[in-house]
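In: my questions concern the predicted model and sequence given below.
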Amino acid sequence: MERILESLLIEKCRKGEHSAFRDLVKIYRRQLFSYLMRLTGDRMQAEDAFQETLIKVWKAIGKYDHKDRFSSWLFSIAHNAAMDSIRKNKLRGSLFHSDDIEVHTSESNPYSDVVGQELREILDSIIDNLPEKQKQVFLLREHGEMSFKEISELTGEPLNTVLGHMHYAVEKIKRVLRKKNAI
Amino acid sequence: MQSKALVCEEFEKKMWLFMDSSLNKEEMLYWESHLRECRLCSGLLLETKEALSVYESLPFEDLEEETFTKMVNKAVKKKRAGFILGRFLEAVYEFLFGNYFRKFAFGGAAFMALAALLLFISRPGEREFPPVMKKSPPSENRSTPSMSTNIAEMKATVKATKKTAPVKATRYEWQDKATAYNIKRVGTSLENIRIKEDKLRAIDEWTLQAIALRRKMQLLQTDLEKSEM
């Protein structure tokens, strides 16, 4: 059902309907912004990358191939936009401070109340401190719901390397969660 | 037959593809049956899934509604300018390569325009054009050509040029202009030569007068010497 709605919205976007574009992006808004936040580690940078992604998606919606999943296509554009932003930021020499993060939760999650702010912060810091490639693979998998094959194509790394990155990233998360008795 | 440890090690490698359902049917069935038997591997899979579900349960960062609306509007606006240009180019393309009728219509119009342009550029005009000046054949008496005769010859040529019956010529205007410019240049050169000639003549006269005076002086001197004697 969601797929059909998505296809309809894409078709309307191709005809230049702005409202359809808004609805289409809204489906993935939280997933996408959260991904960009975690990848860049900075709200401003994430917002810039998000804006860039929207511009690119709106421009290229006519070229989107229905054979690919829209979410994968969207996240690959977002990934490239974020990587550009990170590269530019590195050049500017700005540093990320975890204090800068503001968390905006649009709906209350019952589980998050139980797990608590502490666990959230810990996981945020683990992800933030992951090596660049591991972080990319983990976030693309978790937020973009991309298959490992798609991630391999996007990052240009062999499939086994991508699997290795995912394995090490998850192992680090598991280690911390075990210590906190969260798993 | 592989040992159990090796099979479990293999599963650890393939676990992500198994979770992704990216393995082929046979492999999926094989690992499913292995998971039913092996507590170690099923435990590993369960723990991994739990860790991921903890992560997934964390609240998502989100954009404020207002910011999101602004961003969408900006993205859409950015395309608008490009969109109009794109549509225009699309129309041109359609016009050029659309259907045959349009193609021929455009071809015809383009041909007519080109022909009109060529006609405008190469419009033949009936203009009077002086004959091209030719070099005079080398005269046999060239050993001592006097300047005055040369100048006289050139003047005569220019006069002849002016008097010669007009030749009907179909030349471009720029060629006419070039010829007129050349004629003017020849005229100026002739004028310069004439001035130089006058100067030389004056010098000649002065020289002759000086020679005459010197002779007179010599004669007077001889007369004086004779009278003294």
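Out: Everything's here; your move.
In: how is chain A divided into domains?
Out: Following automatic domain parsing, one finds the domains of chain A at A:1-95, A:111-183.
In: now those domains as CSV including distance to chain B and mean neighbour count?
Out: Heads up, the C-betas are built off the backbone N, CA and C, glycines and all. Output for the domains of chain A, formatted as CSV (distance: least, Cβ to the nearest Cβ, whole Å; neighbours: other Cβ atoms under 10 Å in any protein chain shown):
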stretch, distance to chain B, mean neighbour count
domain A:1-95, 4, 18
domain A:111-183, 4, 17
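In: got the domain boundaries for chain B?
Out: Taken from automatic domain parsing, chain B resolves into B:4-57, B:65-121, B:128-136+B:143-228.
In: which one of those domains is the most hemmed in?
Out: Neighbour counts (mean count of other Cβ atoms under 10 Å in any protein chain shown) averaged over each of the domains of chain B peak at domain B:4-57, with a mean of 15.
In: and it, end to end?
Out: One end of domain B:4-57 sits 35 Å from the other (Cα to Cα, to the nearest Å).
In: read off the pLDDT value for the residue most central in space within chain A.
Out: Centroid check for chain A by Cα atoms, centre = their mean gives A:Tyr35 as the closest residue, at 2.4 Å. pLDDT recorded at A:Tyr35 is 91.
In: now do B:Gln209
Out: 90.
In: before we move on, the earlier item: need the domains of chain A in a markdown table (columns: distance to B:Thr157).
Out: Putting the domains of chain A into a markdown table (distance: least, Cβ to Cβ, whole Å) gives the following:
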| stretch | distance to B:Thr157 |
| --- | --- |
| domain A:1-95 | 74 |
| domain A:111-183 | 83 |
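In: follow-up on the earlier one: could you dump the domains of chain B into CSV with distance to chain A added?
Out: Shown next, in CSV, are those (distance: least, Cβ to the nearest Cβ, whole Å):
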stretch, distance to chain A
domain B:4-57, 4
domain B:65-121, 4
domain B:128-136+B:143-228, 51
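In: right, so of the ones you listed, which gets closest to A:Lys90?
Out: A:Lys90 lies closest to domain B:65-121 among those, at 23.9 Å (Cβ to Cβ).
In: okay, whichever helix or strand A:Glu171 is part of in PDB with CA atoms only?
Out: Assigning secondary structure by DSSP states H and E places A:Glu171 in helix A:159-179. The C-alpha atoms that make up helix A:159-179 are tabulated as PDB, following Å, rounded to 0.1, in the frame of the first residue of the first chain:
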ATOM      1  CA  LEU A 159      30.600  -6.500  -0.200                       C
ATOM      2  CA  ASN A 160      32.800  -8.400   2.300                       C
ATOM      3  CA  THR A 161      34.400  -5.200   3.500                       C
ATOM      4  CA  VAL A 162      31.000  -3.600   4.000                       C
ATOM      5  CA  LEU A 163      29.900  -6.700   6.000                       C
ATOM      6  CA  GLY A 164      33.100  -6.400   8.000                       C
ATOM      7  CA  HIS A 165      32.300  -2.700   8.800                       C
ATOM      8  CA  MET A 166      28.800  -3.600   9.900                       C
ATOM      9  CA  HIS A 167      30.100  -6.500  12.100                       C
ATOM     10  CA  TYR A 168      32.600  -4.300  13.900                       C
ATOM     11  CA  ALA A 169      30.200  -1.500  14.400                       C
ATOM     12  CA  VAL A 170      27.500  -3.700  15.900                       C
ATOM     13  CA  GLU A 171      30.100  -5.500  18.100                       C
ATOM     14  CA  LYS A 172      31.000  -2.200  19.700                       C
ATOM     15  CA  ILE A 173      27.400  -1.400  20.300                       C
ATOM     16  CA  LYS A 174      26.700  -4.800  21.800                       C
ATOM     17  CA  ARG A 175      29.700  -4.500  24.100                       C
ATOM     18  CA  VAL A 176      28.400  -1.300  25.600                       C
ATOM     19  CA  LEU A 177      24.800  -2.600  25.800                       C
ATOM     20  CA  ARG A 178      26.000  -5.800  27.600                       C
ATOM     21  CA  LYS A 179      27.800  -3.600  30.100                       C
END
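In: so which elements touch that helix?
Out: helix A:110-129, helix A:132-142, helix A:148-155, helix B:4-20, helix B:39-57 (3 or more Cβ pairs under 8 Å, 6 or more residues apart in numbering or on different chains; DSSP states H and E).
In: and the angle for it with helix A:148-155?
Out: 110 degrees (axes from the mean of the first three to the mean of the last three Cα atoms, to 10 degrees).
In: quick one: mean pLDDT for helix A:159-179?
Out: The model assigns helix A:159-179 a mean pLDDT of 91.
In: just the residues contacting it, thanks.
Out: Helix A:159-179 is contacted by residues A:122-123, A:126-127, A:130-131, A:133-138, A:141, A:148-149, A:151-152, A:155, A:157, A:183, B:12-13, B:16-17, B:47-48, B:50-52, B:54-55 when judged by Cβ atoms under 8 Å, 6 or more residues apart in numbering or on different chains.
In: could you rerun that using 7 Å?
Out: Residues from elsewhere that reach helix A:159-179 (Cβ atoms under 7 Å, 6 or more residues apart in numbering or on different chains): A:122-123, A:126, A:130, A:133-134, A:137-138, A:141, A:148-149, A:151-152, A:155, A:183, B:16, B:47-48, B:51, B:54-55.
In: in the chain, what secondary structure element scores lowest on mean pLDDT?
Out: Since you didn't name a chain, this refers to chain A. In chain A, no helix or strand scores lower on mean pLDDT, DSSP states H and E than helix A:110-129, which sits at a mean of 73.
In: chain B is the one I meant
Out: Per-SSE averages on chain B (mean pLDDT, DSSP H and E): minimum strand B:127-129, a mean of 49.
In: cool, thanks, talk later.
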